[in-house]
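Peer 1: Need a 3D model of the following:
(chains A and B)
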2 protein chains.
Amino acid sequence: MRIGLCGVGNVGSALVELFRENRFEIDRRLVRSISLEQVACRSDSPECDLSGLSVTKDVFAITDNPALDVVVELIGGTDVAKSLVLQAMRNGKHVVTANKALIALHGAEIFSVAREMGVKIFYEASVAGGIPIIKALREGVAGNVINRIAGIVNGTSNYILSEMSGARGDQNFVAVLAEAQKLGYAEADPSFDVDGIDAAHKITILAMLGFGASVNFESVHVEGLSHISLDDLKLVDELGYCLKPLGIATKRCDQLSLRVHPCMVEKNNILSKIGGVTNAVLVDGDPVGEILLVGPGAGGPATASAVMSDLIDLSRGADLPNQGFLELRETSVYSIDELICSVYIRVDVKNQNGVMASVTGILEKNDIGIEAIIQKEVNERVARIAIVTSETKERIINESLSELSSLSAMVVPPQKIRIF
Amino acid sequence: MRIGLCGVGNVGSALVELFRENRFEIDRRLVRSISLEQVACRSDSPECDLSGLSVTKDVFAITDNPALDVVVELIGGTDVAKSLVLQAMRNGKHVVTANKALIALHGAEIFSVAREMGVKIFYEASVAGGIPIIKALREGVAGNVINRIAGIVNGTSNYILSEMSGARGDQNFVAVLAEAQKLGYAEADPSFDVDGIDAAHKITILAMLGFGASVNFESVHVEGLSHISLDDLKLVDELGYCLKPLGIATKRCDQLSLRVHPCMVEKNNILSKIGGVTNAVLVDGDPVGEILLVGPGAGGPATASAVMSDLIDLSRGADLPNQGFLELRETSVYSIDELICSVYIRVDVKNQNGVMASVTGILEKNDIGIEAIIQKEVNERVARIAIVTSETKERIINESLSELSSLSAMVVPPQKIRIF
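Peer 2: Predicted structure coming up:
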């Protein structure tokens, strides 16, 4: 099986090195040999040693090379990458990609062309780096009905919330983000990560694989981290929770809920123990129950490991649908307003008689149960009340927050954090 | 693909039910249809509904039925099970089994017949129940050189140590075991689980898959749990560790170390958070780094999920070596005496002048560094000293323990627990 590689950045160069370093171990596993033949590299002097390889600057020289069986797309983005993936498939080549945005945004078109051309497209590296979660969902739990997938799938966000909640819990979002950038855990423009877009791409892909559903990326409800305060993190901790950046996909009566937001996880739930840049994905299936996969979600070497496992799989030639299912079904996604979950509500109110009764009265009127409550003094004139509600429809919660906002005693707008 | 099932116990009946319950979801994933045709069941009235299936009492009626393509072996044991697996393969049928003892003890012979006959034998359900760890090792990290595999692969043992270390930490091994038996977490004869044999079967299989090594089950060093005392667990906790029942396989200079024993894990290591009957397997590979898979290690439904994923994989017809590697290499296993690791040593000594100097003097003389030390009074006359050593060869540790034993101040023989 002859392979052409497009893109020799972080992941691409790790892949070239992996072919060289682990050649002996890889060959021991192969019924049909695989070889890296040609590389497209747009920069003049890449960081890695390309000796012995045919090198071109034109990615389409790879897609159009009749001697190649497989094209690996590692250039990223959705413009050129999409054209080159489609062109490679139209030329009868299989494709391996690490490009989550490409699959999340253009999966439907790409799978349809792959099907038409009778080629495969594998994308293990697109979600959670070195963790074989695509394989686990597509094959490992293939006999299950999947009910829920929940994951920490953005390392940058997990690092930031872990640091803000951790020993150095005196640094706010802005300070920790700056440090993450210095350490290389966050991009110069971090919005893609900290605003939840990256995680939304990944949960789109996981939902498709888990539910066999055609998922529209736009239907994912996305919230970032920047509004999370140290005050809230302290209360979250005191109430027995950790705050984690989760992507969550659930199925309820044949409808999906897809969302990315900071989410409170009970401290006795193992997801709460996944710190730093580590990723983790929880799959809840019937009959398997809950399984959790944990590992490095990014980085050249770990991601190259995932690309290599796809290449080895391709060489084994399984008769496996690209999306795990023969066909993805149109499945409606219900609005976040219809979500039913417990939430944390924090209000800062003037420290005056009857204010607690006003706050809890609004919740009671709306049939919202109170599971836990903490009241603290912020200063002589302001009290802070943190409440964990019973499971309630989001719309009712939001209406109650509006009512709370209009209380004359309210000092700042109330905060809401959903609970896993 | 027509399937015959041998054994309708806990897992077998869950598999029959899974075929019925999830039929629609399974069919959506299949390029080639699969059907359960015949069932061999030795009891007259099994717990599950076999209507619509051809039922026989003779497992060899299944292996010899020319209409079947695959035989699922779920009868357990290594006598009849081995004959039936070999016979099925000699009749040109693929085999799926959940039988860890069979693969651990007779893997070499079984794989050789499978290869000769050109059939496949899959055994996802043999290790860690519903966790797709076989698939992860065989395929998910196929591009990696594996350095270490470590797992909590026996739920009974994990339950017992978790309970002894937990809130109810006033119950000793015997009491917790009795409770586990009452709850159905431990067998009437628990020795297979609590003496480490079951975990040794599993680590044998994982080592074979991870290292591509032909592993002799007898070469696994095995220790059980029954010597673990509440006193030691309290000190382990105080020193910042949890005690976990681990199976560990490591590679050092092309030699393997294979062992099963209670092992101290630092509290900030996620393995320490895996409690109750849950299983978890950590794989350390190059370039992927560490990945961890967590989930239900036993139970009919979870195990049936693993069997079903094997069946679906078989129907997909990948050209995949049964052991992940084309050939397993003979690999020597080094003696536990040559193991290099940190250990916990606990000595109870007469509370007299100079006794601490005698104890630490013996370690110092043998070049054993001390990383941490705690001294406590057991009563007026006896002091307890707990020591965490630097990384030291096991043989040196054992020699030092002998020397410690011969001190006149020693009250009971010193205890040793290895550290992960």
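
Peer 1: Quick check: which ranges of chain A have low pLDDT?
Peer 2: Residue ranges of chain A with pLDDT under 70: A:45, A:167-169.

Peer 1: one more time with 80, if that's ok
Peer 2: A:43-47, A:167-170 (pLDDT under 80).

Peer 1: what's the domain layout of it?
Peer 2: Chain A breaks down by automatic domain parsing into domains covering A:2-126, A:133-297, A:339-419.

Peer 1: Show me the one of those that comes nearest B:Ser51.
Peer 2: Closest to B:Ser51 of the domains of chain A, according to Cβ to Cβ: domain A:133-297, at 20.1 Å. C-beta coordinates here come from the backbone N, C-alpha and C atoms, glycine included.

Peer 1: coming back round to it: mean neighbour count, the domains of chain A: which tops it?
Peer 2: Compared across the domains of chain A, domain A:133-297 shows the largest average neighbour count, a mean of 21 (mean count of other Cβ atoms under 10 Å in any protein chain shown).

Peer 1: Now do A:Lys365 against A:Glu403, distance only.
Peer 2: 8 Å (Cβ to Cβ, to the nearest Å).

Peer 1: One more: A:Asp79?
Peer 2: The value you get for A:Asp79 to A:Glu403, if Cβ to Cβ is used, is 47 Å.

Peer 1: ok, back up a step: would you list the domains of chain A in TSV and tack on distance to chain B?
Peer 2: As requested, the domains of chain A are exported to TSV (distance: least, Cβ to the nearest Cβ, whole Å):
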stretch	distance to chain B
domain A:2-126	5
domain A:133-297	3
domain A:339-419	20
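
Peer 1: Need those in TSV (columns: distance to B:Gly52).
Peer 2: Formatted as TSV, these follow (distance: least, Cβ to Cβ, whole Å):
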stretch	distance to B:Gly52
domain A:2-126	34
domain A:133-297	19
domain A:339-419	39
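
Peer 1: among the ones you listed, which is nearest B:Arg90?
Peer 2: Per Cβ to Cβ, nearest to B:Arg90 of the domains of chain A: domain A:2-126, 22.3 Å.

Peer 1: so how far does that closest one reach from one end to the other?
Peer 2: End-to-end distance for domain A:2-126: 22 Å, by Cα to Cα, to the nearest Å.

Peer 1: so how far is it off the chain centroid?
Peer 2: Chain-centre distance of domain A:2-126: 23 Å, with Cα atoms, centre = their mean, to the nearest Å.

Peer 1: who does the helix or strand containing A:Val55 touch, helix- and strand-wise?
Peer 2: If you go by DSSP states H and E, A:Val55 is part of strand A:54-56. Counting contacts by 3 or more Cβ pairs under 8 Å, 6 or more residues apart in numbering or on different chains; DSSP states H and E, strand A:54-56 packs against strand A:35-40.

Peer 1: and the strand it packs on, which strands flank it?
Peer 2: strand A:2-6 (parallel), strand A:54-56 (parallel) (DSSP bridges).

Peer 1: Alpha carbons of that strand, as CSV, please.
Peer 2: What follows is strand A:35-40, C-alpha atoms only, in CSV (Å, rounded to 0.1, in the frame of the first residue of the first chain):
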residue,chain,number,x,y,z
SER,A,35,5.3,2.5,2.5
LEU,A,36,5.5,6.2,2.5
GLU,A,37,6.3,7.2,-1.0
GLN,A,38,5.7,10.9,-1.6
VAL,A,39,5.4,14.0,0.5
ALA,A,40,3.9,17.4,-0.3
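
Peer 1: which residues touch the residue sitting furthest away from the middle of chain A?
Peer 2: Relative to the C-alpha centroid of chain A, counting by Cα atoms, centre = their mean, A:Asn353 is the outermost residue, at 45.4 Å. Counting by Cβ atoms under 8 Å, 6 or more residues apart in numbering or on different chains, A:Asn353 touches no other residue.

Peer 1: swap in the one 3 residues further on?
Peer 2: Applying Cβ under 8 Å, 6+ apart, we find A:Met356 in contact with A:375, A:383, A:385.

Peer 1: Assign the last one to one of the three secondary structure states.
Peer 2: So the one you mean is A:Ile385. Following DSSP: H, G, I helix; E, B strand; the rest coil, we place A:Ile385 in the strand state.

Peer 1: I'd assumed A:Val349 was in contact with it.
Peer 2: Yes: with contact defined as Cβ atoms under 8 Å, A:Ile385 reaches A:Val349; the gap is 6.7 Å.

Peer 1: overlap in contacts of these two?
Peer 2: With contacts taken as Cβ under 8 Å, 6+ apart, A:Ile385 and A:Val349 have A:Val359 as neighbours in common.

Peer 1: Report whether the residue farthest from the centre of chain A is found in a helix, as I expect.
Peer 2: No: assigned with three-state DSSP, A:Asn353 falls outside any helix and is coil.

Peer 1: And it, how far from A:Ala383?
Peer 2: On the measure of Cβ to Cβ, A:Asn353 and A:Ala383 end up 11 Å apart.

Peer 1: And for A:Leu183?
Peer 2: Taken as Cβ to Cβ, the span from A:Leu183 to A:Ala383 is 38 Å.

Peer 1: Kindly report the same for A:Val119.
Peer 2: Computed as Cβ to Cβ, the A:Val119 to A:Ala383 distance reads 63 Å.

Peer 1: Over to A:Leu74?
Peer 2: In terms of Cβ to Cβ, A:Leu74 sits 54 Å off from A:Ala383.

Peer 1: give me every residue that touches A:Gly224.
Peer 2: Contacts of A:Gly224 (Cβ under 8 Å, 6+ apart): A:191, A:194-196.

Peer 1: Including secondary structure and distance to A:Phe24, could those residues go into TSV?
Peer 2: TSV is the format used below for the contacts of A:Gly224 (DSSP: H, G, I helix; E, B strand; the rest coil; distance: Cβ to Cβ, whole Å):
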residue	secondary structure	distance to A:Phe24
A:Ser191	helix	43
A:Val194	helix	42
A:Asp195	coil	44
A:Gly196	coil	42
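
Peer 1: which one of these is nearest B:Leu293?
Peer 2: A:Gly196 (26.1 Å).

Peer 1: check contacts around the closest one.
Peer 2: Going by Cβ under 8 Å, 6+ apart, A:Gly196 touches A:154, A:157, A:222-225, A:245, A:260-261.

Peer 1: go on, A:Met1?
Peer 2: With contacts defined as Cβ under 8 Å, 6+ apart, the neighbours of A:Met1 are A:32-35, A:69-70, A:311, A:314-315.

Peer 1: Then A:Asp27?
Peer 2: Going by Cβ under 8 Å, 6+ apart, A:Asp27 touches A:Ser33.

Peer 1: So for stretch A:303-321, what gets flagged as buried?
Peer 2: Within stretch A:303-321, the residues that qualify as buried are A:303-318, A:320-321, counting by 16 or more other Cβ atoms under 10 Å in any protein chain shown.

Peer 1: Noted, bye for now.
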